[in-house]
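just the structure for this:
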Amino acid sequence: MSEQSFIAGGHRHGGHFAERLVHGLQQALEHSLDAEAISRQRGLLQGLDPRIKLLALLSLMISGILASQLSTLLLLFCFAVLLALLSQVSLRRLYRQAWLSVLLFSGVIAVPALFLVPGDILFRLPLLHWGISLQGLRSAAFLLGRAETSASYALLLMLTTPWMHVLKAMRSLGVPVLLVALLGMTHRYIFVLLQTASQMFEARRSRMLAPPSGRLARQVVAASSGVLLSKAFQLSSEVHLAMVSRGYRGDIYLLHTFHTRRRDWCALLPALCVPLLILWKHA
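Next comes the predicted model:
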């Protein structure tokens with residue numbers, strides 16, 4: 001069964017663990033298909049040369065790291081939102097795949113800064129009497145702002161560029177072949193795991209007469225995980241050996257040839273000037 005036909009079939013996911021797990025795996029595969037569809041749309045970023053796009057978005061990510069004012073971070077974040085709209089990337093997708101996850105992860109790291117960074121106390125928490133300082137609030141805002149801005153530009157790159165084009169662009173810009181090969185094979189292995197897991201748990205679910213108990217469910221997950229890793233490792237090894245036997249050495253060859261145009265340079269030059277202006281302003 002192809003990946004498209006497998007995903008197209010609807011399944012109830014409000015039941016036991018197998019249904020929820022299969023639904024989660026299907027959602028992960030759907031995200032990859034949606035990303036491929038977005039990269040084929042007619043948008044601002046989709047029309048740029050992948051090499052230029054990679055350099056420009058990387059420059060904007062570096063600008064977010066170098067920014068020492070919250071207003072600069074806010075402008076860079078708003079520019080990322082504008083690029084998403086012009087590239088037909090929904091803000092809901094950015095929220096679900098970048099903003100929310102980064103907020104939860106970085107927020108855990110940023111919260112202690114509110115209380116540990118010394119400075120002017122704005123207010124104290126009731127009962128605990130922990131003081132939140134202005135400097136601590138500023139440090140937490142910088143951490144969250146830089147993380148959200150960088151994640152937004154990184155996700156825009158992945159959504160508006162096919163993965164193989166990203167790898168070829170990296171190789172064209174001088175990234176070592178070993179790193180490109182590792183990224184390419186890692187990406188391939190992730191989808192091997194997802195597809196194998198989906199098939200395994202779909203087959204197990206179709207053979208269950210009733211939802212398993214909590215203990216049995218844990219035993220099934222543990223046993224299936226070991227079988228999954230074994231099958232995925234064997235399959236990925238066979239795929240890698242087949243690629244090597246056919247001449248794969250880490251270089252990316254595509255039928256599509258990259259060509260730079262005037263609009264590519266018009267997009268790259270301002271993006272490269274942003275970190276230089278930030279460095280010059282704070283020199």
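
in the stretch 1-150 of the chain, which spans are helices?
Using DSSP state H, counting those that start in this stretch, the helices of the stretch 1-150 of the chain run over residues 3-8, 17-39, 50-66, 70-86, 91-94, 100-116, 134-160.

er, the stretch 151-283 of the chain I mean
Under DSSP H, counting those that start in this stretch, the stretch 151-283 of the chain gives helices at 163-172, 177-206, 214-245, 262-281.

tell me which residues in the longest one are buried?
By 16 or more other CB atoms under 10 Å, the buried positions in helix 214-245 come out as V220, S224, L228, K231, A232, S236, M243. All C-beta spots, glycine's among them, are computed from the backbone N, C-alpha and C.

list the helices and strands it packs on?
helix 17-39, helix 177-206 (3 or more CB pairs under 8 Å, 6 or more residues apart in numbering; DSSP states H and E).

quick check: mean pLDDT across that helix?
If you average the pLDDT over helix 214-245, you get 77.

try the first one
Along helix 163-172, the predicted confidence averages to a pLDDT of 90.

before we move on, the earlier item: reformat the helices of the stretch 151-283 of the chain as JSON lines; add distance to A141.
Formatted as JSON lines, these follow (distance: least, CB to CB, whole Å):
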{"stretch": "helix 163-172", "distance to A141": "31"}
{"stretch": "helix 177-206", "distance to A141": "32"}
{"stretch": "helix 214-245", "distance to A141": "40"}
{"stretch": "helix 262-281", "distance to A141": "17"}
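
so, low pLDDT: which residues of the stretch 1-150 of the chain?
For the stretch 1-150 of the chain, residues meeting the criterion pLDDT under 70 lie at 1-26, 28-29.

repeat the analysis, applying 50 as the threshold.
The model of the stretch 1-150 of the chain has pLDDT under 50 over residues 1-15.

got the contact list for R124?
By CB atoms under 8 Å, 6 or more residues apart in numbering, the contact set of R124 is W130, G131, I132.

beta-bridge partners for it, please?
Using DSSP bridges, the beta-bridge partners of R124 come out as G131.

what about the residue nearest to H282 when sequence neighbours are not counted, neighbour count?
Sequence neighbours aside, S68 is the residue nearest to H282 in space, at 5.6 Å (criterion: CB to CB, 6 or more residues apart in numbering). For S68, the tally of surrounding residues (other CB atoms under 10 Å) stands at 10.
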